[in-house]
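1. any chance you could fold what I've pasted below:
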Amino acid sequence: MTASSFRYLFKEGFRNIWTNSMMSIASVCVLMSCLVLIGGASMIFLNIDSLLGRIEQENVIMLYIEDDTTDEEISDMEHSLRKIDNIADVEFIDKESAWQEQLETMEDAQAEYFTEISSEIPLPDAYKITVDDLTQFDQTVKEIKNLDHIDTLRENRDLAKRLVSIRHGVEIIAVVIIIVLLAISLFIISNTIRLTVYSRRLEIGIMKSVGATNSFVRLPFIVEGMILGIIAGIISLGLVWLFYGFAINQFGEILGYLNLNALDFKNYALPMLGAFVCIGTLTGVCGSAITMGRYLNREGSEISGV
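-> Residues are numbered from 1 along each chain as shown. As a prediction, the model looks like this:
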């Protein structure tokens, strides 16, 4: 196929959109609806994932050190902790600072009573350990317990397991919803293009009767589907951004009361635009290719007789 033929077919793809404007608008609206649902669901799941991440950061392991441990042994313990692969952060909490914070939470009379009855600090030095991957929580706890000079170890294994289960559940639900919506988009786009093909069967028949190949007939429809997909992707991003901003404004007071911060859509706008354009383009191209392939293969004799 020559360069001039390609230019002609691409021009035909653009012309078809304008000529069949109502069908083009219908295709864009259908695909746009599915993309908006995918984008909205994605932002919901991203916010849930962010919330789970913050909860995971609060699910720390507290390691309390024996009282007779020397400064050198405490330093060696921190070095050993940092060598464990699944530990994201290790923070040393000296007993003086911890006791002072504890006194500040008490009423004045209660704090004065505790400071007067004894000059010794009743708290041990400790390490606050943040775990990187909660799926390896049990193994990490086992490795920590192998260290020397540990008085007690406080960890919430049940919460870690629940967080892991919730995260896996959210990921599965997100994948299923996106796949279902993509399948629906492909199905509806294919049927919409099928109506377009049927309404232009005379034109296709003429092209076939003068010796046009299936590829020559199919390419304008594929170009049309690609353009419609790109248009739907760009418009969908704007709608998701608008709806997301509206939802944040409506529920901002509730989120503030719960001390939750919604994600900034600007940080996800460009990746989502790329994803929408890719999804829209692939859906439009695949829908056009599948529909035209079936039409040309199964109804070729009918086309030739038109």
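2. which parts of this protein are strands?
-> 61-65, 87-93, 126-131, 150-154 (DSSP state E).
3. any idea of the pLDDT on residue 304?
-> For residue 304, the model assigns a pLDDT of 44.
4. for residue 289, same thing?
-> We have a pLDDT of 68 for residue 289.
5. one more: residue 271?
-> Per-residue confidence (pLDDT) for residue 271: 90.
6. separation between it and residue 43?
-> When distance is defined by C-beta to C-beta, to the nearest Å, residue 271 is 12 Å away from residue 43. All C-beta spots, glycine's among them, are computed from the backbone N, C-alpha and C.
7. again with residue 242
-> Residue 242 sits 12 Å away from residue 43, going by C-beta to C-beta.
8. of the two, who's got more company?
-> A count of neighbours by other C-beta atoms under 10 Å puts residue 43 above the other of residue 242 and residue 43, at 21 against 12.
9. didn't that one look like it was pressed against residue 241?
-> No: Residue 43 lies out of contact with residue 241 (C-beta atoms under 8 Å); the separation is 9.6 Å.
10. what's the overlap in contacts for those two?
-> Common contacts of residue 43 and residue 241, defined by C-beta atoms under 8 Å, 6 or more residues apart in numbering, comprise residue 265.
11. between the strands of the chain, which gets nearest to residue 72?
-> Counting by C-beta to C-beta, residue 72 lies closest to strand 61-65 out of these; the figure is 12.6 Å.
12. mind listing residues that contact that closest one?
-> By C-beta under 8 Å, 6+ apart, the surrounding residues in contact with strand 61-65 are 74, 77, 81, 124-131, 140-141, 144, 149-155.
13. let me see the ranges of the helices in the stretch 51-200 of the chain.
-> Here the stretch 51-200 of the chain has its helices, by DSSP state H, counting those that start in this stretch, at 71-82, 95-104, 108-117, 137-145, 157-199.
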